[in-house]
Each structure stands twice: as structure tokens, then as C-alpha cells.
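**Student:** I would like the atomic coordinates for the input below:
(chains A, B and C)
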Amino acid sequence: MTTASSPSTGQTSPLSQLNDPQRQAVTHGNGPLLILAGAGSGKTRVITFRIAHLLSQGIAPWHILAVTFTNKAAGEMKRRVRELVGEPAHAVWVSTFHSFSARFLRLEHEAAGLPKEFSIYDDDDSTRLVKRVVKDLNLPERTYTAGVVKSRLSAAKDRLQDPRAYANLAHDDFGRRIAEIYAEYQARLQSAGAVDFDDLILRTLSTLETNESLRQRWQARFLHVLVDEYQDTNAAQARLVGILAEPERNICVVGDDDQSIYAWRGANIQNILGFAKTYPDAVTIRLEQNYRSRPNILEVAHAVVSKNLNRHPKKLWTDKHPGEKITLILAPDDWAEAEMVVGRIRLLRERDGLNGADCVILYRTNAQSRAFEEAFRRHSVPYVLVGGTRFYQRAEIKDVLAYMQLTINGNDEIALLRIINRPKRGIGEASQEKLIAACHAARRKWVDFLADSDAVAAAVGPRAAAAIAQLSLQLNRLKAERTGMGMSDWCKHLVETVNIKQIWEEDDPLQAESRRENVEELVAAIAEYETTTEAPSLSGFLEQVALVADIDSYDSQPEAVTLMTLHSAKGLEFPVVFITGLEEGLFPLSRSMEKPETLEEEYRLFYVGATRAKERLFLTYARTRHRFGPTGSMKSRFIEEIPRDYLDIENLIPDTTLEPGGLGYDAPGRTWRAGGFLNNARRGQSVVRRDSEPTLPRTGVAASLQAGTVIRHPKFGEGEVLAIRGAGDGTTCDIAFRSGFTKTLMVRFAPLEILRQ
DNA sequence: GCATAGATCTTTTTT
DNA sequence: AGATCTATGC
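**Tutor:** Below you'll find the model as predicted:
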């Protein structure tokens, strides 16, 4: 992670490669230890060296537990420990919170009250279950939307409240209903033999807390617990590692409050800020020397994050040469922004001898990747995209996985309902509803219920009943066949027997080909798992699949520029970083601007992004952007926070001046005209590229509306604009139509044609 | 039970 | 604008 020389074996003592505070942290003896490690201060180095140090002190490797958030970070940590100590590294427990918990629950499934082969529900599965529950409780789906319910449940789980505790605290009708949903959701998980992501941690915690002898056994197992990215832990996670570290309390946590960017997922910054209160005898060590970035980059990052009120005042320092100024690129729109970035990268490659793989493009939302992908393809520059729709989330993959899952856990309701009529077997929605009602009314498990042909026949018509008998038979046969063959061959066989490809043809024949390819990739992934894992098992594979993030499998490829969100970039570093889309409402995101706490998190996100850069940092702004239609925007407040001396500004917006109060742009989405836009040759090209429509983009029309404009609407006919209200995405206009009525329309959606200004 | 057209929401970030 | 969900008619 640092640019300092890599640890050489032999010769010098590893400790001589460390600075004073780093060495103190590494050699700290027993008792709680808090390491406040700024960005690029050699945090991973300290953790790995500390593990090596503990081993050298005679601690057995299996007595050490190191926990991180991503599999990638865990893998990296393991690799580096192995570099330092060789084979013993193998026996050190290095894992993520979630994979540790999954492993724990497999081992202790009885005490945890779970079947051995429990399913792990990812986000999509748990959303489906929430919807199912809301429907089965006969609650209005509009009020209790999956999004609202899930955020409530997740918040409850973050606070360690079970359904009963939640119900007791509910003070209004809505809260009581949520409590009902929560209780039913958990009951359904239980009878499906499944846990969701939050439950992995919570069940591990409650199993440890309620079972004393088991707890003592696990506590004895770990004499030293090390936690990375402690600022991102939630209540359950902090408590989990706290318990495991008892009674010795050899807990070493590493983190940086300035890099806390997961509060929205329940991370509690108080865990790190209040660590010294929880452990009064904790030793605190600060790592403030940065080995990664040029001073100019650090200054800019600091200028922004230091505006936050809720933080420990601190400032990183480095003895490097200042480096170049930060380049701020002002582009007229997102298309030009992407062009500029690609152009700069080509220049860096040709003139400065940099490799594409040295560069990363960061953005706030995944949707922004598209413009860059197009630009890279236009210019034939290789790139890798991290994130977006994950491979294992794709419908065709989840279908296959659901079949596989059902052969090991036949009670998995979500998997069952996913495939019960895919491919179509004549078990339609009505039959499905009847089955669900009957199965739950009888309080039976699915395996049991479906095998009972009388019960099924009583619930649904004869055709559906026959189809269900077929399906159960098929699943049982597949299950039996599994023992006889290799996993990947079996998967291939499954895809054939079930006739999975029929699903794709039913859904969308155009995409059938790419779906087939994806499933082939899945088979290949299983084959790889099979050959590279010590004791491969189907449930092991499915678990791995549920717990991988896209970032985990990310490896920079030769020559390829990386594209990812700011969140994904945490923990990585690149010589050249582009932070893009620096516009009010996008970064910081408008939803985050409502509350001071979430706005501060955006500042930290900027800090995380900027401190990824070793040599050069570029910031880009696009005056208009195609979001739901183009919207004009003002430059991000982050830009305003940066002292001008550090900036090299490239203004590509025509007819604007850079002046004192700002960077010279017009009010959002109002003053520029579609016509003027198109007259510019370069812009014209961009518009044609983007929408193949030969006419003016509607968006341009919307932008030139003003009171008095006469328009035509395909449905309502001719009318006159009375007023424009609001700004940005939410802009509406009142229009008086000739036919006599007045209507308020969303400017960005209304298909208006301008007749007269 | 299924196909189609209309309605509605979406885009924050992820284990 | 586009995807996804819902309502309706066959």
C-alpha cells in the first residue's frame, strides 16, 4: 500500500522499516489498542506487521483473528502476512465480518438454530421476501414499499432490536405494522432456513451471547483480535469483535474517522470516536505521516474534509515534493467531460509514459459510468468497470443458483418461488398464491408440503398439482445425481435438464445469447472453485457467491483504465485519479444535502477519493448532465472549498468567464438555448451521437421554455406556458391549453414542442 | 393463465 | 428515458 520498499526477508529487521508510531503500534503488548491511521499512513502495513510480530512472540497463528470488510482486503492482508512469515500465515483467521459469521454459523448451526445447509439471502432475495410478507399480511404495498420497510428493518437490526423489542417501542400505527412485518419476515426466514446479511452477524452475536460454554470456547480460540476499517463497523459488528476478544481484551482496531463513508449502512462513527471510553485502558496511536500522496493532493483533500465539524482535528504530513497542481476541468456537459478525461489519459500515456492501469475514474453514482464507457470505446482505450450490476445478481445466474440452492435447502421459499414457474410449467400466479396460503396455514415446511400430493391437490387445480409433482421429482433427481458427478458437470447437466434456456427465450429472445454466455461463465466459475478450493462443496460455493462484492474480484488489468464509484475505491491507490461529476446535487448528492450528518459524509467521501491519488489529481465538472433528461447544475461546493492556488483550471465552457464569486456558469438549466448549443460544431456532434434522433432533443426544448412560450403537447394540444417553477430536476411548468384547462407538468418529462417563443 | 398496455418509479453508496 | 410493476382484457 505504501510506496516504501517492500519488506525484504532477512537482512534488516522488519521493524526497522517502520516509523516510530508504526513501530509502537506493531510492538504494543497486551490490552486494547486504537490506531488512528490517516489515509496512506501505512495502515495495512501496520496490521500485517503486527500479526507477524505476534507470531514471532510465540502466539499460535490460530489464536489470531483479523477482520476486514471486503474479501479483497482480507485476501490482500493474508497475502502480505504470508510474505512476512510464510506458511504459518495460513492458519491465521483472516476474513470479512460476513464470511467469518457464515463460517461460525455453519460450525455452530445447531446452537444457532439453523439447518446445516442454510441459505444466505442477498439484497435482492430479502427484498423479494419483504414484498411477499407485505402481500401476505394484506398490507397496502404502496404504503409499505420494499424500500421503506427494508430501511426500517435494517435500522432495527443495526440497533440490535428484535421484532419484539421493535414492537414495544413502536408508538404509532405505522410502527406497529412495521413490527408485524418484521416479525413475519424473521419467521419466514427461519422456516426457509435462511439468513440475510444483517442476520449473519446478528445470529452469530446472539448465539455467542446466549450460550456461555460455546462463548468461552470461541473466546479461548482467539487471543488477539484485529479489526480493520473500524470506523465502518455498526453496533453488532463492534460488539461481536468485542466479545471475541474477551476476556484478554487484546483487541486492536484500526481506522480513520475521516474515512467513515458507510453511516448510511448503519456504520456508527461513535465506535471509533468512543473506543477510548469503552476501553478506558486503551492505548491510542496516531499515524499521521502519509507515504502515498503528493502534498498538493493532501492539501486539497484536507481543505475539504477540514470543513466538517464532527471530526478529530488532524492533518497528514509528508516529506515528498509538492507535485503538480490539481487540474480542474470545466466541461459543458457530461459527454464533453468524458471526452476530456479520455483525452487527458491518452496524453498522460503518450507524453508521460503512464500506463492506462495507473488511472482511475471515480464517480458518485454508478449511472455515471456510461458516458465514460462510451468514450473509452469510441477511442479504443481499454477499461475495466467495477461494480454496477454484479454478475451473480443477473437474473439468469440467479435462476440457476436458485435451482442449485433448492437441491440443498428445499425449504428456501424465495428460491422456490423464483423458479416455480420458470420455465413455464402452468403454475401461474393464482396457483402460487394458493400454495403459499395453504403451506403457511398448515405451518409446514416447503419440502414437506410439496411432497404431500394430497395437500397440494387440495390447494390447487389438477394441472398445477401435476406440474408441482413433476418439479419435486426433478429436484429430487438432481439432488441424487449430485453425488455422482463433479460440481461443474452437474451444473451443466442441471441447466440442460431443467431446460433453463427456455426461460431466456420466453423472457427476451434477443438477450438469450448473452445469457447463455453468462451461464457458461458460471459453470467455469464453479469449475475454478472446484479445483482451487480445499474442500469444495455446493453450499461453500453458494456461500462464496452470496458474499462476494464486485470489488473483491477486481484486479487491475494491464493497460486498462479503472472505472468505479468513490465508495469502491476505499483502500485502493492509483498514481492518477479523476474525481468526476463535481456538481451540486450529484456530488454532494442532493439527498445527502438534507441533513448535516449525511452532508459531512459526502465531504469524507471526497476526502477518500482525493487521497487515493499518489501523483496527480483531476477534478471534473459538467455544466449540464443527462440524468433523467439534461439538467444544468452548479459546480460542487467542494470546488469552492479548495484554495485557488492549488488549482489549475481548464475551462472548456464557451462564453463563460472565471470570476471572483465563482467559476462563471449560468443558472441551472435556464439560460442556454438548445439552438445555440447545436450551432457549435463540436457540440452538434455530441448531440447526434447521443440521441440518434434527428430533431432537437426534447431536453433542449424544455430548457428554453419560459412564460409566454407557445407549445404543443401530443395529447393536450396547443397551449401557452404561464410560469416555470422550481429548478433542476423538479422544475415544473403551468400550461394553459387552448382546450380550456390548465395543467402543471414536469418540464423534464413533458413531450413539448415549441411553436413560438 | 397469459399477453399487452398503461402506470410508476428510478439513482447513492454495498457486505 | 428506460426498466419494472400493475391492471386489464382475452
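**Student:** please count neighbours and contacts with C-alpha atoms only from this point.
**Tutor:** Fine.
**Student:** A:Pro382 - how many residues pack around it?
**Tutor:** As a burial measure, the neighbour count of A:Pro382 was computed by other Cα atoms under 10 Å and equals 16.
**Student:** repeat that for A:His626.
**Tutor:** Using other Cα under 10 Å, the number of residues around A:His626 comes to 16.
**Student:** so what's the residue lying closest to it once chain neighbours are set aside up against?
**Tutor:** Closest residue in space to A:His626, ignoring its immediate chain neighbours: A:Asp334 at 7.0 Å, by Cα to Cα, 6 or more residues apart in numbering. For A:Asp334, the set of contacting residues under the criterion of Cα atoms under 8 Å, 6 or more residues apart in numbering consists of A:Ala371, A:Gly581, A:Ala622, A:Arg623, A:Thr624, A:Arg625, A:His626.
**Student:** top of those residues by neighbour count?
**Tutor:** A:Gly581 (28 neighbours).
**Student:** surely that residue forms part of a strand?
**Tutor:** No. Note on A:Gly581: no strand contains this position according to DSSP: H, G, I helix; E, B strand; the rest coil, which reports coil.
**Student:** phi, psi for it please.
**Tutor:** In terms of degrees, to the nearest 10, the main-chain angles of A:Gly581 are phi 70, psi 40.
**Student:** hang on, it packs against A:Tyr363?
**Tutor:** Yes. Taking Cα atoms under 8 Å as the contact criterion, A:Gly581 and A:Tyr363 are neighbours in contact, 6.5 Å apart.
**Student:** quick check: residues of the stretch 51-200 of chain A near DNA strand B?
**Tutor:** Taking Cα under 7 Å from any atom of the strand as the criterion, the neighbours of DNA strand B within the stretch 51-200 of chain A are A:69-71, A:96-99, A:122-123, A:142, A:147, A:197-198.
**Student:** quick check, nearest of the residues you listed to DNA strand C?
**Tutor:** Distances from DNA strand C to these, taken as Cα to the nearest atom of the strand, are shortest for A:Arg142 (7.7 Å).
**Student:** before we move on, which element is the closest one in?
**Tutor:** For A:Arg142, there is no enclosing helix or strand under DSSP states H and E.
**Student:** against which helices or strands is whichever strand or helix holds A:Asp125 packed?
**Tutor:** For A:Asp125, the enclosing helix or strand under DSSP H and E is helix A:123-136. Contacts defined by 3 or more Cα pairs under 8 Å, 6 or more residues apart in numbering; DSSP states H and E place helix A:123-136 against helix A:146-158, helix A:173-192, helix A:413-419.
**Student:** can you rerun that using 10 Å?
**Tutor:** In terms of contacts (3 or more Cα pairs under 10 Å, 6 or more residues apart in numbering; DSSP states H and E), helix A:123-136 is packed against strand A:119-121, helix A:146-158, helix A:173-192, strand A:194-196, helix A:413-419, helix A:429-441.
**Student:** gap between it and the chain center?
**Tutor:** Between the centre of helix A:123-136 and the centre of its host chain there is 20 Å, according to Cα atoms, centre = their mean, to the nearest Å.
**Student:** could you give the mean pLDDT of stretch A:202-214?
**Tutor:** Mean pLDDT, taken over the full extent of stretch A:202-214, equals 95.
**Student:** please save the CA atoms from that stretch in PDB.
**Tutor:** As requested, the backbone C-alpha atoms of stretch A:202-214 are provided in PDB (Å, rounded to 0.1, in the frame of the first residue of the first chain):
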ATOM      1  CA  LEU A 202     -26.800 -10.800  14.500                       C
ATOM      2  CA  ARG A 203     -27.200 -14.500  14.800                       C
ATOM      3  CA  THR A 204     -23.600 -15.000  15.400                       C
ATOM      4  CA  LEU A 205     -23.700 -12.400  18.100                       C
ATOM      5  CA  SER A 206     -26.800 -13.800  19.800                       C
ATOM      6  CA  THR A 207     -25.500 -17.300  19.600                       C
ATOM      7  CA  LEU A 208     -22.400 -16.200  21.400                       C
ATOM      8  CA  GLU A 209     -24.300 -14.200  23.900                       C
ATOM      9  CA  THR A 210     -26.900 -16.700  24.900                       C
ATOM     10  CA  ASN A 211     -24.600 -19.800  25.100                       C
ATOM     11  CA  GLU A 212     -22.000 -19.500  27.700                       C
ATOM     12  CA  SER A 213     -19.900 -22.600  27.200                       C
ATOM     13  CA  LEU A 214     -19.900 -22.000  23.500                       C
END
